[in-house]
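[1] what follows is a predicted protein model with its sequence.
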Amino acid sequence: MEQLDFFTIPSPCVGICQANNRGYCKGCFRSRDERFHWQQFTNEQKRNVVRLCHQRYLRILRAKNQLLHESDKREDSGQQELF
(Lines give C-alpha, C1' and ligand atoms only; values in the text may rest on other atoms or scores of the structure.)
Protein backbone atom coordinates (compact mmCIF):
# COMPACT_ATOMS: atom_id res chain seq x y z
CA MET A 1 0.00 0.00 0.00
CA GLU A 2 1.46 3.34 -1.06
CA GLN A 3 1.43 6.26 1.33
CA LEU A 4 -0.48 9.34 0.18
CA ASP A 5 1.56 12.52 0.04
CA PHE A 6 -0.30 15.68 0.95
CA PHE A 7 2.74 17.95 1.18
CA THR A 8 5.87 18.25 -0.88
CA ILE A 9 9.14 17.50 0.85
CA PRO A 10 11.18 20.70 1.10
CA SER A 11 14.80 20.83 0.09
CA PRO A 12 17.17 20.32 3.05
CA CYS A 13 19.37 23.18 1.76
CA VAL A 14 20.46 25.60 4.51
CA GLY A 15 22.33 28.02 2.24
CA ILE A 16 25.87 26.78 2.95
CA CYS A 17 26.77 25.53 -0.50
CA GLN A 18 30.32 24.23 -0.21
CA ALA A 19 31.55 20.71 -0.79
CA ASN A 20 33.62 18.87 1.80
CA ASN A 21 36.55 16.59 0.97
CA ARG A 22 34.17 13.70 0.22
CA GLY A 23 32.00 15.73 -2.17
CA TYR A 24 29.03 16.25 0.14
CA CYS A 25 27.58 19.70 0.80
CA LYS A 26 28.79 21.08 4.15
CA GLY A 27 25.34 22.54 4.84
CA CYS A 28 22.83 19.83 3.93
CA PHE A 29 25.13 16.80 3.38
CA ARG A 30 23.72 15.99 -0.07
CA SER A 31 25.89 14.72 -2.90
CA ARG A 32 26.26 16.70 -6.10
CA ASP A 33 23.79 14.45 -7.95
CA GLU A 34 21.28 14.66 -5.10
CA ARG A 35 21.43 18.46 -5.22
CA PHE A 36 21.17 18.70 -9.01
CA HIS A 37 18.31 16.20 -9.39
CA TRP A 38 16.25 17.16 -6.31
CA GLN A 39 13.40 18.62 -8.38
CA GLN A 40 13.04 15.44 -10.46
CA PHE A 41 12.99 13.07 -7.47
CA THR A 42 9.78 11.46 -6.27
CA ASN A 43 8.76 12.09 -2.67
CA GLU A 44 10.01 8.62 -1.74
CA GLN A 45 13.41 9.39 -3.26
CA LYS A 46 13.48 12.73 -1.44
CA ARG A 47 12.73 11.01 1.88
CA ASN A 48 15.56 8.58 1.21
CA VAL A 49 17.97 11.45 0.46
CA VAL A 50 16.97 13.20 3.70
CA ARG A 51 17.56 9.95 5.60
CA LEU A 52 21.00 9.57 4.00
CA CYS A 53 21.84 13.20 4.83
CA HIS A 54 20.96 12.59 8.46
CA GLN A 55 23.21 9.51 8.54
CA ARG A 56 26.08 11.49 6.99
CA TYR A 57 25.60 14.27 9.54
CA LEU A 58 25.73 11.79 12.45
CA ARG A 59 28.84 10.11 11.02
CA ILE A 60 30.64 13.48 10.78
CA LEU A 61 29.51 14.43 14.29
CA ARG A 62 30.85 11.14 15.70
CA ALA A 63 34.18 11.67 13.94
CA LYS A 64 34.47 15.19 15.37
CA ASN A 65 33.66 13.94 18.88
CA GLN A 66 36.23 11.18 18.55
CA LEU A 67 38.90 13.73 17.57
CA LEU A 68 38.01 15.88 20.57
CA HIS A 69 38.30 12.91 22.94
CA GLU A 70 41.65 11.93 21.46
CA SER A 71 43.02 15.45 21.92
CA ASP A 72 41.74 15.49 25.52
CA LYS A 73 43.58 12.22 26.19
CA ARG A 74 46.82 13.66 24.82
CA GLU A 75 46.51 16.72 27.05
CA ASP A 76 45.91 14.53 30.11
CA SER A 77 48.89 12.29 29.40
CA GLY A 78 50.79 13.63 32.39
CA GLN A 79 53.70 14.97 30.38
CA GLN A 80 54.21 18.70 30.61
CA GLU A 81 54.22 20.89 27.56
CA LEU A 82 57.55 22.42 26.64
CA PHE A 83 56.09 25.57 25.09
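    On my side now, so go ahead. Bear in mind the structure is a predicted one, so any value in this text is a computation, not a measurement.

[2] list the contacts for the spatially most central residue of the chain?
    What sits nearest the mean C-alpha location of the chain, by Cα atoms, centre = their mean, is residue 57, with 2.9 Å. Residues near residue 57 by Cβ atoms under 8 Å, 6 or more residues apart in numbering: residue 29. C-betas here are computed from N, CA, C, even on glycine.

[3] let me know the pLDDT of it.
    Listed pLDDT for residue 57 reads 96.

[4] next: residue 7.
    83.

[5] so residue 46 makes contact with residue 30?
    No. Here residue 46 does not reach residue 30: they are 10.5 Å apart, not a contact under Cβ atoms under 8 Å.

[6] of these two, which one has the most company?
    More neighbours surround residue 30 than the other of residue 46 and residue 30, with 22 against 19 (other Cβ atoms under 10 Å).

[7] the residue nearest to that one when sequence neighbours are not counted in helix, strand or coil?
    Leaving aside its sequence neighbours, residue 30 sits nearest to residue 53 (Cβ to Cβ, 6 or more residues apart in numbering; 5.8 Å). Residue 53 carries the three-state label helix when classified by DSSP: H, G, I helix; E, B strand; the rest coil.

[8] for the residue nearest to residue 11 when sequence neighbours are not counted, what are its contacts?
    Closest residue to residue 11 apart from its sequence neighbours, by Cβ to Cβ, 6+ apart: residue 38 at 5.7 Å. Contact analysis of residue 38 by Cβ under 8 Å, 6+ apart lists 11, 30, 46, 49.

[9] residue 12 versus residue 38, what's the distance?
    9 Å (Cβ to Cβ, to the nearest Å).

[10] residue 47 now?
    Counting by Cβ to Cβ, the gap from residue 47 to residue 12 is 11 Å.

[11] show me which of the two is the more surrounded one.
    It is residue 12, of residue 47 and residue 12, that has more neighbours when counted by other Cβ under 10 Å, with 19 against 14.

[12] fine, thanks again, bye for now.
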